[in-house]
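Chemist: Got a predicted model here, sequence first, then my questions.
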Amino acid sequence: MSGSHLDSVKAGPGINDNGSGSAAILEIALAVSRAQYQPTKHLRFAWWGAEEMGMIGSKNYVNSLSSANRSRIKGYLNFDMIGSPNPGYFVYDDDPTIERTFKDYYATIGVPTEIETEGDGRSDHAPFDNVGIPVGGLFSGADYTKTAAQAAKWGGTSGQRFDRCYHSACDTAANINDTALDRNSDAAAYAVWKLSE
């Protein structure tokens with residue numbers, strides 16, 4: 001299962017947070033359809049409401065599942081902010097198999113990753129993780145500052161936030177790093193294909 005939240009904060013339009021993740025999984029769902037992909041495992045895509053108000057949509061979904069239906073979800077992939085303008089390449093470290101799948105993809109394109117710690121438990125993967133469903137995901141950074149070591153590794157500007165427009169009015173289409181969005185979307189698609197074989 002893959003998901004992203006559709007809502008944004010009142011202060012801004014939310015193009016990176018989280019139009020970026022929502023657009024990526026929509027494109028993946030369309031690619032699955034165009035390819036007439038018939039995976040071994042069933043695929044499910046979700047677009048959540050009210051993440052910014054406390055993950056209301058994803059919590060409600062998980063809490064409404066019977067034990068049997070929870071056990072059918074073998075993994076949940078979360079994509080929240082994957083096109084930050086001063087991007088990092090962060091991978092959730094919650095489930096080893098999912099984490100390795102993302103890292104393997106980035107290794108093929110020569111992009112180093114780091115473990116995501118900034119938003120741990122602050123997005124829609126948390127309700128799944130709380131009931132024992134394996135989770136993973138990608139993140140390009142929010143209001144933390146990029147270090148000199150990270151800038152040397154990924155480019156961009158050290159001493160500046162990954163997303164200076166996080167939860168602000170300037171989170172418009174101009175706030176997206178196209179390269180980061182493309183790489184993260186490709187990594188997301190790779191994981192959906194690989195984990196559903």
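Modeler: Looks like it arrived, so ask away.

Chemist: Low-confidence regions, this protein specifically.
Modeler: 118-120 (pLDDT under 70).

Chemist: all helices for it, in order.
Modeler: Counting by DSSP state H, the chain has helices at residues 21-34, 56-64, 67-72, 96-108, 126-130, 148-154, 178-196.

Chemist: check contacts around the residue positioned nearest the centre of the chain.
Modeler: Taking Cα atoms, centre = their mean, the centroid of the chain lies closest to Phe79, which sits 1.6 Å from it. By Cβ atoms under 8 Å, 6 or more residues apart in numbering, Phe79 lies in contact with 2-4, 18, 20-22, 24-25, 137-138, 184, 188. Where C-beta positions appear, they are placed from N, C-alpha and C, glycine not excepted.

Chemist: Which two of the residues you listed have the greatest separation?
Modeler: Taking Cβ to Cβ, the two most distant members of the contacts of Phe79 are Gly3 and Asn184; they sit 14.8 Å apart.

Chemist: Once you drop chain neighbours, what's closest to the residue nearest to the centre of the chain?
Modeler: Gly21 (3.5 Å; Cβ to Cβ, 6 or more residues apart in numbering).

Chemist: Tell me the spacing between the residue nearest to the centre of the chain and Gly159.
Modeler: Separation of Phe79 from Gly159 (Cβ to Cβ, to the nearest Å): 27 Å.

Chemist: Next, work out how far apart the residue nearest to the centre of the chain and Ala152 are.
Modeler: 26 Å.

Chemist: Kindly report the same for Ala174.
Modeler: On the measure of Cβ to Cβ, Ala174 and Ala152 end up 26 Å apart.

Chemist: swap in Ala188?
Modeler: Plainly put, Ala188 is 26 Å away from Ala152 if you go by Cβ to Cβ.

Chemist: which one of those two has more residues nearby?
Modeler: Shown here are Ala188 and Ala152; by other Cβ atoms under 10 Å, Ala188 has more neighbours (25 against 10).

Chemist: That one contacts Ser140, correct?
Modeler: No: Ala188 is beyond contact range of Ser140, at 11.8 Å (criterion: Cβ atoms under 8 Å).
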